[in-house]
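Asker: Using only what follows, build the 3D model:
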Amino acid sequence: MHKHIYYLAICLSIAGLARAQDTQEAPSWKPLFNGHDLSGWQPINVAADTFTVRDGIIVSTGKPIGVMRTERMYENFIVELEWRHMQPGGNAGFFVWGDGIPSLGIPFTRGIEVQILDNAAKAPGKNDFYTTHGDIFPIHGAKMTPSGRTAPKGNRSFPTQDLSHSSPQWNHYRVVANDGQVRLSVNGQEVTTGQDCWPRKGYLCLESEGSECHFRNLRIQELPSTGADASQTARSGDGYVPLFNGLNLDGWKIPAGDNGHWKVVNEVIDCDALSEAPGEKSLESEHEYTNFNLIVDWRIKETPYINHQVAQILPDGSEAVDAEGKPIKLSVPDSDSGIFLRGSGKHQVNIWCWPIGSGEMYGIRRDQSMPSEVRAAVTPRVKADNEIGKWNRFEITVIGHEVTVVLNGQTVIEKASIPSLPPKGSIFLQHHGSKKNGQWTGPPSLVQFRNIMIKELP
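Answerer: Presented below is the predicted three-dimensional model:
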């Protein structure tokens, strides 16, 4: 072989090897959206048609307010996407390192939000609290240290330049999230940064927030891990499916003859305790469940009824008596509702204003045929209710005959073994109370519910 040809062959071989090594080592781009359907994405608390695909574009109606997440979590990555609002002043967002379930009482998850807000939402030059060009900020319990240009009000990083296009023009975002730092480029130039983020591993979410927004050309390039541990990882949403879509009562059986007293008001299930149904007035899930973890956010709207028959309940589930052996009765402003487990009103997790707190299973605690240890086990070990008007969260786990109730992060019932618990049944949201001559005949269920999610267990 001629020496020049020989040397050329060696050079080409080395160059080819170098390219092969670069190809092996460089992270590859992968689509987050296939252009045809929403494979790889999962609604957290929105309707089936809140996010749809049309002409190769993800279309968000904006209703209800809520989020759709990726099926898996990501730690370090580069994401590119394009978005446009179809209504001047429209609002949406791209969440980084989000939880798989909503935060308490609100439609959004904890995480780091990269703002997607149309220019018409903000008058030029008035940036005291937010801008419309790519803010980055922590939401609902997440943490971040603002860097670069920061907001004079609130915990936000502001963009250094105003580069986003107004509705209905398309915008391009490039988000680099690595080791707790987030960097945003808008239409080709880096403008916003945030650092020291927590969590720093979690889901990616697209936000629906009131108006139509479009997304396209979503792709991701994963970067090497920097060792995010469990304490730095968002809460998993694996296996959870929403039981309430935020728009209507699809998936629930409205009692015949109810006449609109169970309804959706401002994207929450609302009960006014005036159902006209002649029989069972409670709201029943269409499906039955055996073993599950159920998340339900609830709040008592008001307490117009004074209940004079409230027992003073002791830790063993018995009711206090006075020196003469008569039951001690307390008078408290009250409202009354609950969650029926496996279709049984007796096996109900109570929502009320009793001093013992919500989460107890009244029907089991007062059943004298039950062993004393069972009646003690269904008595709350602590009162964990928030004040009237504030949202609360039940996390109820039912496995076999065992029931565990966590209220606002505190375990109030732990693995109570209840022999009479039915093997399978629906979930009910309880209706309680009625009126006679304009007066409540008992504590009414003046309650609201949202963020209802269930995870079936083996």
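Asker: Next, the contact list for the spatially most central residue of the chain, please.
Answerer: Among the residues of the chain, the one closest to the centroid is P102, at 1.5 Å (CA atoms, centre = their mean). Applying CB atoms under 8 Å, 6 or more residues apart in numbering, we find P102 in contact with 44-45, 66-67, 108-109, 297, 451. Glycine gets a C-beta too; all of them are placed from N, C-alpha and C.
Asker: three-state assignment of it?
Answerer: Using DSSP: H, G, I helix; E, B strand; the rest coil, the three-state assignment for P102 comes out as coil.
Asker: what ranges of the stretch 351-458 of the chain fall below the confidence cut-off?
Answerer: Low-confidence segments of the stretch 351-458 of the chain, defined by pLDDT under 70, are absent.
Asker: contacts for stretch 417-428?
Answerer: With CB under 8 Å, 6+ apart as the test, stretch 417-428 has contacts from 243, 253, 282-290, 294, 339-347, 361, 364, 370, 374, 377-378, 398, 401-403, 454.
Asker: what do you get if the cut-off is 7 Å, keeping everything else the same?
Answerer: Around stretch 417-428, the neighbours that count as contacts under CB atoms under 7 Å, 6 or more residues apart in numbering are 282-285, 288-290, 294, 339-344, 347, 364, 374, 401-403.
Asker: Buried residues, that stretch. List them.
Answerer: By neighbour count on 16 or more other CB atoms under 10 Å, the buried set for stretch 417-428 is 418, 421, 425-428.
Asker: and if you look at stretch 448-458?
Answerer: For stretch 448-458, burial by neighbour count (16+ other CB under 10 Å) applies to 448-455.
Asker: Skipping adjacent residues, who's closest to G210 in space?
Answerer: Counting by CB to CB, 6 or more residues apart in numbering, G210 lies nearest to G62, which is 4.6 Å off, once chain neighbours are set aside.
Asker: Give me the neighbour count for the one you found.
Answerer: G62 is surrounded by 22 other residues when neighbours are defined as other CB atoms under 10 Å.
Asker: Could you verify my assumption that it touches S211?
Answerer: Yes: judged on CB atoms under 7 Å, G62 makes contact with S211 at a distance of 4.3 Å.
Asker: Might you report the residue contacts of W41?
Answerer: With contact taken as CB under 7 Å, 6+ apart, W41 is in contact with 68-71.
Asker: remind me which residues of this structure are low pLDDT?
Answerer: Counting by pLDDT under 70, the low-confidence segments of the chain come to 1-26, 123-127.
Asker: Tell me the secondary structure at the nearest residue to D367 once chain neighbours are set aside.
Answerer: Sequence neighbours aside, R375 is the residue nearest to D367 in space, at 7.2 Å (criterion: CB to CB, 6+ apart). Recorded secondary structure, R375: helix (three-state DSSP).
Asker: Tally up the residues packed near the nearest residue to Q115 once chain neighbours are set aside, please.
Answerer: Counting by CB to CB, 6+ apart, D135 is the residue found nearest to Q115 once chain neighbours are left out, at 4.1 Å. Counted with other CB under 10 Å, the neighbours of D135 add up to 26.
Asker: same deal with Q87?
Answerer: Neighbours of Q87 using other CB under 10 Å come to 15.
Asker: how near is it to P43?
Answerer: With distances defined as CB to CB, to the nearest Å, the gap from Q87 to P43 amounts to 22 Å.
Asker: Same question for A323.
Answerer: Between A323 and P43 the distance, using CB to CB, works out to 58 Å.
Asker: Between these two, which is the more surrounded one?
Answerer: When A323 and P43 are compared on other CB under 10 Å, the one with more neighbours turns out to be P43, at 20 against 5.
Asker: residue contacts, that one?
Answerer: Contact analysis of P43 by CB under 7 Å, 6+ apart lists 50, 68, 242.
Asker: Helices of the chain, residue ranges please.
Answerer: Under the criterion DSSP state H, the chain contains helices at 3-25, 362-365, 372-377.
Asker: quick one on the thing from earlier: which one of the buried residues of stretch 417-428 is nearest T192?
Answerer: Using CB to CB, the shortest approach to T192 within those belongs to I427, at 42.9 Å.
Asker: one step back: out of the buried residues of stretch 448-458, which sit inside strands?
Answerer: Using DSSP state E to define strands, the subset of the buried residues of stretch 448-458 located there is 448-455.
Asker: could you dump these to TSV with distance to N437?
Answerer: Formatted as TSV, the entries for those read as follows, by distance: CB to CB, whole Å:
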residue	distance to N437
Q448	27
F449	29
R450	33
N451	37
I452	35
M453	41
I454	40
K455	45
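Asker: Pop the domain breakdown of the chain in here.
Answerer: Residue ranges for the domains of the chain, per automatic domain parsing: 26-235, 252-456.
Asker: roughly how far out does the last one sit from the chain middle?
Answerer: In other words, domain 252-456. Its chain's C-alpha centre lies 22 Å from the corresponding centre of domain 252-456 when counted by CA atoms, centre = their mean, to the nearest Å.
Asker: how long is that domain from one end to the other?
Answerer: 17 Å (CA to CA, to the nearest Å).
Asker: quick one: M68 from G202, how far?
Answerer: Going from M68 to G202 by CB to CB gives 14 Å.
Asker: Tell me which of those two has more neighbours.
Answerer: Of the pair M68 and G202, G202 is the one with more neighbours under other CB under 10 Å, namely 31 against 22.
Asker: The more buried one is in contact with Q232, isn't it?
Answerer: No: with contacts counted by CB under 7 Å, G202 stays clear of Q232, the gap being 9.3 Å.
Asker: State the distance from G325 to E319.
Answerer: Look at G325 and E319: by CB to CB, they are 11 Å apart.
Asker: ok, now F244?
Answerer: The separation that F244 has from E319, given CB to CB, amounts to 35 Å.
Asker: okay, the two: which has more neighbours?
Answerer: It is F244, of F244 and E319, that has more neighbours when counted by other CB under 10 Å, with 26 against 14.
Asker: That one contacts I269, correct?
Answerer: Yes: using CB under 7 Å as the test, F244 is close enough to I269 to be in contact (6.2 Å).
Asker: what residues are shared contacts of these two?
Answerer: What both F244 and I269 touch, as defined by CB under 7 Å, 6+ apart, is the set R450.
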